[in-house]
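Chemist: for reference, the sequence and a predicted model appear below.
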Amino acid sequence: MSVRRRGGGGMSARILFVTGTNTDVGKTIATAAVASAALRGGLRVAVLKPGQTGVAPGEPGDAAEVRRLAGELTVRELVRYPEPLAPDTAARRAGMPRLAPADVVAAVRELAAEHDLVLVEGAGGLLVRYDDEGRTLADQARAVLDAGLPAEVLLIASAGLGTLNIVALTAEALAARALPLAGVVVGAWPADPGLAERCNLADLPRSAGAPLLGALPERAGGAPDFAALALAALAPELGGTWDAEHFTRAHWPK
């Protein structure tokens, strides 16, 4: 996994905003896999969860799950709302403050100063609302870029029918905001893929206009050796050994 060199031989962090085509597509597991591969490569890793919903105070959230799977890394959560809703709705119902893009920029800047990789895991999809002004994870990423930090977006997609349309829509939304899409990872590759899943391996990069960077197997979070699984399921661009061309060719329907 690459990091960028600062003047004088120092390094600057890679910043990846992790979003999904929907809820329950494997976004947290994918975040953990990228973190695990980076840790295995000797990088200092931080995971930021700007808005956690559906978790009570004191309960472990997504960031804690990433640390459980990936190992010792820095985790930070900015706001937490008790109901499992979009952050804006959850904040309104709980009477709690909403999250502004400036809050995310400040946290990312601080984490990037001390780490080689900062993973920012969103809630749901790219355009889920975080406040009453309609600002989204895309606005948070755009604010980080506007602050002079090198942010990219990693899209976690489902494997089956319907995913190509959502991937294409997400890619269009990113392009409209001049947000770079690093690539797509299949969040849960089925043990017995059907025709749609097999064909989607070739079609996902075309819909996204970006490379396919991995395919995590179903129930990856229960793997006895998650670190080894992460390396095998992610492309070299994300610190692993997975080969998209080989995987696609091996699963292409006869």
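Modeler: The structure has been received and is ready for your questions.
Chemist: am I right that A210 is in contact with V185?
Modeler: No: in this structure A210 lies outside contact range of V185 using Cβ atoms under 8 Å: 10.7 Å. (Glycine included, C-beta is placed from N, CA and C.)
Chemist: how about T248: what's its closest non-neighbour residue?
Modeler: With Cβ to Cβ, 6 or more residues apart in numbering as the criterion, T248 has its nearest non-adjacent residue at 4.3 Å, and that residue is L201.
Chemist: ugh, wrong one, I meant S158
Modeler: Leaving aside its sequence neighbours, S158 sits nearest to V25 (Cβ to Cβ, 6+ apart; 4.8 Å).
Chemist: how many residues are close by that neighbour?
Modeler: 24 (other Cβ atoms under 10 Å).
Chemist: helix, strand, or coil at it?
Modeler: Taking DSSP: H, G, I helix; E, B strand; the rest coil as the rule, one finds V25 in the coil state.
Chemist: OK, contacts around it?
Modeler: Counting by Cβ atoms under 8 Å, 6 or more residues apart in numbering, V25 touches 156-158, 187-188.
Chemist: which element follows the helix or strand containing V47 toward the C-terminus?
Modeler: Using DSSP states H and E, V47 sits in strand 45-53. Using DSSP H and E, the helix or strand that follows strand 45-53 in sequence is helix 62-70.
Chemist: show me what counts as buried in that next one.
Modeler: For helix 62-70, the neighbour count (16 or more other Cβ atoms under 10 Å) marks 62-67, 69-70 as buried.
Chemist: which of A210 and V185 has more neighbours?
Modeler: Between A210 and V185, counted using other Cβ under 10 Å, the more crowded position is V185 (31 against 21).
Chemist: can you list the residue ranges for helices in the stretch 151-254 of the chain?
Modeler: Remark: helices assigned in the stretch 151-254 of the chain by DSSP state H, counting those that start in this stretch are 163-176, 195-208, 226-233, 244-251.
Chemist: could you say which of the ones you listed is packed most deeply?
Modeler: Of those, the one with the most neighbours on average (mean count of other Cβ atoms under 10 Å) is helix 226-233, at a mean of 20.
Chemist: okay, and for this protein, where does confidence drop off?
Modeler: 1-11 (pLDDT under 70).
Chemist: and with 90 instead?
Modeler: 1-12, 22-24, 55-60, 97, 124, 131-132, 253-254 (pLDDT under 90).
Chemist: wait, which of the helices of the stretch 151-254 of the chain is closest to V45?
Modeler: The closest of the helices of the stretch 151-254 of the chain to V45 is helix 226-233. By Cβ to Cβ, the value is 12.1 Å.
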